[in-house]
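>>> Provide a 3D model corresponding to the input given below.
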Amino acid sequence: MNIGIYNKIKESLPKNVKLIAVSKTKPIEDIEKLYNIGQKSFGENKAQELSKKHETLNKDIEWHFIGHLQKNKIKYIAPFVSLIHSIDSFSLLKEVNKFATKNNRIIPCLLQFHIATEETKFGFSLEECVDMLKNQEFQSLKNIDIYGVMGMATFTDDEQQVRIEFKNLKNIFEKLKKEFFSNNENFKEISMGMTHDYKIAIEEGCTMIRIGSAIFGERDYSK
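Numbering: from 1, shown residues only. Here you go, the predicted model:
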């Protein structure tokens, strides 16, 4: 846990860029330390872990779900999640809408796009997303609100490649805004950039960065 690095990152951010502190696998005590100095937005990638942390911690924390979301785990986060970053299929979005309806909520979501070269990453292609947005069934989903897009660049030292991938996501955002969301004031978020590439993401127009290891230390992969 490095409060000094956290403060440096916060001070360096443009006013329009929100820091999501990625607290997955990290203990309650570390989250409380950041919360107590003003950090209110935290990111988790496991629904049950997120639900337990929500129960334990202050209720004004803004919880962001940033990992691959399994349909059978939506129920754990639907009552309270502030933003789901990782909607990567139409079927998942329909399921989120179902649980949002059960909880009498409208759940904000980001559409995740596959912008990297790695096959292991999830996400829509632009063509798949456009097909979904044109579908009448999509128009009938009343308990979700699309706030923007999310993507993860290739994990590489090639900064030019990362920059191209982030530019691609920004272009996708602008296309969707123009063609499908011009009347939706909430459609304004571009979630891209992590510890190793967030500075490039800021230069390429992100509005949210997701930073974990720079602040909390390396992730514990045994959990």
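
>>> Identify each buried residue in whatever helix or strand F173 lives in, please.
F173 belongs to helix 159-179 when assigned by DSSP states H and E. Within helix 159-179, the residues scored as buried using 16 or more other Cβ atoms under 10 Å are V162, R163, E165, F166, N168, L169, K170, I172, F173, L176. For glycine as for every other residue, the C-beta is placed from the backbone atoms N, C-alpha and C.

>>> Check stretch 51-59 too.
S51, K53, H54, L57.

>>> The last one reaches E29, doesn't it?
Which is L57. No - counting by Cβ atoms under 8 Å, L57 stays clear of E29, with 10.5 Å between them.

>>> excluding its backbone neighbours, what's nearest M208?
Leaving aside its sequence neighbours, M208 sits nearest to S191 (Cβ to Cβ, 6 or more residues apart in numbering; 4.2 Å).

>>> just so I have it, where are all the strands in the chain?
Listed in chain order, the strands of the chain (DSSP state E) span 18-22, 41-44, 62-65, 83-87, 107-113, 144-151, 189-191, 208-211.

>>> could I get the ones you listed as JSON lines with distance to Y35, mean pLDDT and mean neighbour count?
Putting those into JSON lines (distance: least, Cβ to Cβ, whole Å; pLDDT from 0 to 100; neighbours: other Cβ atoms under 10 Å) gives the following:
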{"stretch": "strand 18-22", "distance to Y35": "9", "mean pLDDT": "97", "mean neighbour count": "23"}
{"stretch": "strand 41-44", "distance to Y35": "8", "mean pLDDT": "97", "mean neighbour count": "23"}
{"stretch": "strand 62-65", "distance to Y35": "11", "mean pLDDT": "98", "mean neighbour count": "23"}
{"stretch": "strand 83-87", "distance to Y35": "18", "mean pLDDT": "97", "mean neighbour count": "25"}
{"stretch": "strand 107-113", "distance to Y35": "21", "mean pLDDT": "98", "mean neighbour count": "25"}
{"stretch": "strand 144-151", "distance to Y35": "23", "mean pLDDT": "98", "mean neighbour count": "24"}
{"stretch": "strand 189-191", "distance to Y35": "21", "mean pLDDT": "98", "mean neighbour count": "24"}
{"stretch": "strand 208-211", "distance to Y35": "16", "mean pLDDT": "97", "mean neighbour count": "24"}
